[in-house]
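Asks: my questions concern the predicted model and sequence given below.
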Amino acid sequence: MRAQIDSLPENAKPSTAFHHAEFVSGFFAMLAMLAVMFIGRLTIRTPFVPEQIADRLFALLPISLIEIGVQALGLYAKKLAFVGCVLLFLASGAYSAGWVLRALGDVPERPVQFGVFLYAVIFWYVSLSLVIPGFAIGVFTGLPIQTGVPALALLVVYVGHAAVLGPILKWFTGEEGGERRKIFAGRRTILTSIGLTAVASFLYTFVGKFGTEIRRGASARLSVGTGIFPNLPGLTMEVTPTADFYHVSKNIVDPDLDGSKWALEIRGLVARPMVITYGDLKKLEPDEQYATLMCISNPVGGDLIGNARWKGVRLASLLKASGVQSSATDVILRAADGYSDSIPIDRAPQEGTLLCYEMNGEPLTPTHGLPVRLLVPGIYGMKNVKWITQIELVDYDYKGFWQDRGWDDKAEYLTTSRIDIPPPRTSLARPTIAGIAFAGDRQISQVEVSTNAGATWAQAELRSPLSPYSWVLWQYAWLPHQIGKYELQVRATDGRGETQTAQPADPIPRGASGYHKRSVRLDWPSSRGASV
Ligand SMILES: Nc1nc2c(c(=O)[nH]1)N[C@H]1C(S)=C(S)[C@@H](COP(=O)(O)O)O[C@H]1N2
Ligand SMILES: [Mo]
């Protein structure tokens, strides 16, 4: 092959040789461009377009397809998509070089010409309008034209890429356009270059991942649905310490009952009315369950919510012992403070509906209902009656203390989610967005995050909850590409596939709804900013 080329006349350009040179030039010009872009990404946070495409793919592809990918490839699905996008860029650079060069009129020495500029601008426009979330410009999307450093930097990078093609080709083909350097000769060299780049990208990805894990240490590693879930400073603790657990009651001074004098009366539509003491209750078969409790007056993003481990006796077993009549439809719960409420009898058999005497391994504290309270998963705190003294079975819908004051009677938890971190101002280069999501007894199937005020949404990773009645911690690895102000939003979907409503509503009468939003100001990264 080489002998053949050498034997050709000086000025002749053998077409295959020229194509190889174009291909190789395009490949290296693209490699150089990606390197510049990557440095920009790390320093001034201009977008790294292949990364944005990978992100975009994940945002646009149907969830079922992503699930298949994630199931087959696990953690690596997204990283592979990223590597794939980088390779795609290199390939497109290699194959489009000829087109650009011919736009230059086959004269590699010419400076930046119209053709080159057009090529770069098209590339730029497509990147900005189709690929980069929250960055879309003009005609395709109707959104305002994005200006500023990131957009300009990208244009410079693209034009630079196109402009260096000519010189690179000239360099490869030699001053006279004749003999090419041997190293860039055959197809094998091109394939080797691509192969080496691929290997390097993979190494980078895998070494990066393992490095991160080793640093985190085995103890901090927690298993989640699709990824590693670190302990994030500022993220809500999965189990709320009793001392930090929110407290709500109608009282100015709460009851402070003595367990040894306490008794619970069961009456109404039962075959065997009875009175049980604290001692009797503790002798019955106990059950233990994690469950989240939230007050119906909790605003969106509020903190009248907590998750604890509850221990007690199943309401169902007490009702069974007392022989509930078939006509009973409602269970009234009355308390030592004069408070009362009711739950439908269908809720009684639910695993996790407990008459509790312990919270997080300790006897209930006076404020949380000492000696016994009801815990009924799926229904707002209001109906989780504390200081309980009497249970009455009735055949009508009993309206409790708060229903008399306008609050909902069914009071089933609305699906809700909250952003805990980052705080409103951060200088982390890669801030993790994380928080909680809760849907009562319906579980959480998906949490989505938006970093552009709801224009686009990305899936967060979920930590498997402690029980079907517990909140779910979620996180999203955010890779912002510029400093400035962002509006973060979160929305959760319950186990039945229903996404929480975007419609804002006040807590009264049915519980607050709407997405939790947070404006975050990103500053220039501090030296210890990169948290991988
Ligand atoms: N006896 C009694 N039980 C009560 C209340 C009350 O005022 N009295 N308040 C209810 C309300 S509105 C809520 S949100 C929860 C709060 O429980 P916590 O204080 O253990 O978090 O208790 C419920 N149980
Ligand atoms: Mo409440």
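Replies: Cool, got the structure. Ligands and ions are numbered 1, 2, ... in the order given.

Asks: the most centrally placed residue in the chain and residue 475: what is the separation?
Replies: Centroid-nearest residue in the chain: residue 460, 1.7 Å away (criterion: C-alpha atoms, centre = their mean). Distance, residue 460 to residue 475, by C-beta to C-beta, to the nearest Å: 6 Å. All C-beta spots, glycine's among them, are computed from the backbone N, C-alpha and C.

Asks: what residues do the two have in common as contacts?
Replies: 433, 434 (C-beta atoms under 8 Å, 6 or more residues apart in numbering).

Asks: mind checking the SS state of residue 346?
Replies: Under DSSP: H, G, I helix; E, B strand; the rest coil, residue 346 falls in the helix class.

Asks: now for it, how many residues are close by?
Replies: Residue 346: 10 surrounding residues under other C-beta atoms under 10 Å.

Asks: try residue 437
Replies: 28.

Asks: correct me, but it touches residue 444?
Replies: Yes - contact criterion C-beta atoms under 8 Å: residue 437 and residue 444 qualify, at 4.7 Å.

Asks: on that earlier part again, in contact with the residue nearest to the centre of the chain, which residues?
Replies: Contacts of residue 460 by C-beta under 8 Å, 6+ apart are 433, 434, 447, 448, 449, 474, 475, 476, 490.

Asks: 6 Å instead?
Replies: Listed by C-beta atoms under 6 Å, 6 or more residues apart in numbering, the contact set of residue 460 reads 447, 449, 474, 476.

Asks: give the residues shared as contacts by residue 437 and residue 444.
Replies: Common contacts of residue 437 and residue 444 (C-beta under 6 Å, 6+ apart): 472, 492.

Asks: about what we covered before: filter the contacts of residue 460 by proximity to ligand 1?
Replies: When C-beta under 6 Å from any ligand atom is applied, no member of the contacts of residue 460 is adjacent to ligand 1.

Asks: can you redo those residues as a markdown table with neighbour count and secondary structure?
Replies: Shown next, in a markdown table, are the contacts of residue 460 (neighbours: other C-beta atoms under 10 Å; DSSP: H, G, I helix; E, B strand; the rest coil):
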| residue | neighbour count | secondary structure |
| --- | --- | --- |
| 447 | 25 | strand |
| 449 | 22 | strand |
| 474 | 30 | strand |
| 476 | 22 | strand |
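
Asks: among those residues, which one lies nearest to residue 256?
Replies: Distance to residue 256 across the contacts of residue 460 (C-beta to C-beta) is lowest for residue 474, with 38.4 Å.

Asks: what pLDDT does the model give the spatially closest residue to residue 287 that is not a sequence neighbour?
Replies: Computed as C-beta to C-beta, 6 or more residues apart in numbering, the closest residue to residue 287 that is not its neighbour in sequence is residue 314, at 5.3 Å. The model reports residue 314 with a pLDDT of 96.

Asks: residue 314 and residue 345, how far apart?
Replies: 14 Å.

Asks: the closest residue to ligand 2 within the stretch 251-400 of the chain and residue 285, how far apart?
Replies: Residue of the stretch 251-400 of the chain nearest ligand 2, by C-beta to the ion: residue 295 (3.3 Å). Residue 295 sits 30 Å away from residue 285, going by C-beta to C-beta.

Asks: again with residue 480
Replies: Per C-beta to C-beta, residue 480 is found 53 Å from residue 285.

Asks: same check on residue 95?
Replies: Taken as C-beta to C-beta, the span from residue 95 to residue 285 is 72 Å.

Asks: still on that earlier bit, which one of the contacts of residue 460 is nearest residue 167?
Replies: Proximity of the contacts of residue 460 to residue 167, judged by C-beta to C-beta, is greatest for residue 476, which lies at 42.5 Å.

Asks: the closest one touches residue 449, doesn't it?
Replies: Yes - Residue 476 is within contact range of residue 449, at 4.4 Å (criterion: C-beta atoms under 6 Å).

Asks: what segments of the stretch 351-500 of the chain are strands?
Replies: Counting by DSSP state E, counting those that start in this stretch, the stretch 351-500 of the chain has these strands, from start to end: 354-359, 362-363, 373-375, 388-394, 416-421, 425-426, 432-438, 444-450, 458-459, 461-462, 472-477, 484-494.

Asks: using a markdown table, lay out those strands together with mean pLDDT.
Replies: Converted to a markdown table, the strands of the stretch 351-500 of the chain look like this (pLDDT from 0 to 100):
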| stretch | mean pLDDT |
| --- | --- |
| strand 354-359 | 97 |
| strand 362-363 | 96 |
| strand 373-375 | 98 |
| strand 388-394 | 98 |
| strand 416-421 | 97 |
| strand 425-426 | 89 |
| strand 432-438 | 96 |
| strand 444-450 | 95 |
| strand 458-459 | 92 |
| strand 461-462 | 90 |
| strand 472-477 | 93 |
| strand 484-494 | 94 |
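
Asks: which intervals of the stretch 101-250 of the chain have sub-threshold pLDDT?
Replies: Applying pLDDT under 70 to the stretch 101-250 of the chain flags the ranges 102-119, 125-152, 174-231.

Asks: number of residues surrounding the residue in it that ligand 2 sits nearest to?
Replies: Across the stretch 101-250 of the chain, the shortest distance to ligand 2 (C-beta to the ion) belongs to residue 248, at 4.6 Å. Residue 248 sits with 16 neighbouring residues when counted by other C-beta under 10 Å.
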